[in-house]
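>>> only the shape, not the letters, is given here:
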């Protein structure tokens, strides 16, 4: 059987420990190319660079550093930079979880979504940690296993996967669960202060992140030591609301 071709990207930057562990593990199951931002681009979501040119620097065989977003990297990688068309795109391993509503901000998740929009199977993988993260290799080992499964079975139409792995050694991880996207509780996320010159400034995201502990969700799974696998799709239509809105008198 022909070897699986894999494009790896992330939003923590090409020199992050997560992407190094991921690429190393995936090379055991297929041919790997890496196209990733030249620096951390966390929380840029699905941003695409349109108003200035992008630059890519080759730093190894099928390895490129790009001064753009994760979505830029997927586009450049597939259309210009790498030597093959990928069978699979894997984004990560992100330092910190991408759970619940946070997937809408995540550059890691958005890179997988971009690949899905191009018709290429994809998944994002994140290490749920509050610190620098210790067990990237355990998460990378599971990612390699999942990559083989996706390559063999494929994914449902218009579907990509969001994977969150607790920061635990491999033997301590509980079995993976298929989950739904959870909900975050928003509170105290902005702090405003005054700098030495008397000008106000603001920190966004400075409050403690709390999630609703709802059974069957990504947070519920990882908080109990399970790997969470959430199927996502780019169509944001709320189909359950269509009939209600059709009843509005808009003309």
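Arrived safely. All values reported here derive from a predicted model rather than from experimental measurement.
>>> count of neighbours near the closest residue in space to residue 30 that isn't next to it in sequence?
Distances taken as C-beta to C-beta, 6 or more residues apart in numbering place residue 4 nearest to residue 30, at 3.3 Å, with adjacent residues excluded. All C-beta atoms are positioned from the backbone trio N, CA, C, and that covers glycine. For residue 4, the count of nearby residues is 18 (other C-beta atoms under 10 Å).
>>> what about residue 6, which helix or strand?
strand 4-9 (DSSP states H and E).
>>> packing partners of that strand?
Here strand 4-9 touches helix 17-26, strand 30-37, helix 70-76, strand 88-95, helix 136-153, going by 3 or more C-beta pairs under 8 Å, 6 or more residues apart in numbering; DSSP states H and E.
>>> so which residues of the stretch 51-200 of the chain form strands?
Using DSSP state E, counting those that start in this stretch, the strands found in the stretch 51-200 of the chain span residues 56-60, 63-66, 88-95, 122-128, 160-166, 174-178, 184-185, 190-194, 200-204.
>>> by mean pLDDT, show me the worst of those strands.
With a mean of 83, strand 184-185 has the lowest mean pLDDT of the strands of the stretch 51-200 of the chain.
>>> dump the residue contacts of residue 20.
Contact analysis of residue 20 by C-beta atoms under 8 Å, 6 or more residues apart in numbering lists residue 136.
>>> how close does it get to residue 137?
10 Å (C-beta to C-beta, to the nearest Å).
>>> then residue 160?
Separation of residue 160 from residue 137 (C-beta to C-beta): 24 Å.
>>> of the two, which one has the most company?
Taking other C-beta under 10 Å, residue 160 and residue 137 do not tie; residue 160 has more neighbours (27 against 16).
>>> do you know the pLDDT at residue 13?
If you check residue 13, the pLDDT there is 97.
>>> equivalent analysis for the one 5 residues further on, please.
Per-residue confidence at residue 18 stands at 98 (pLDDT).
>>> with that, I have no additional questions.
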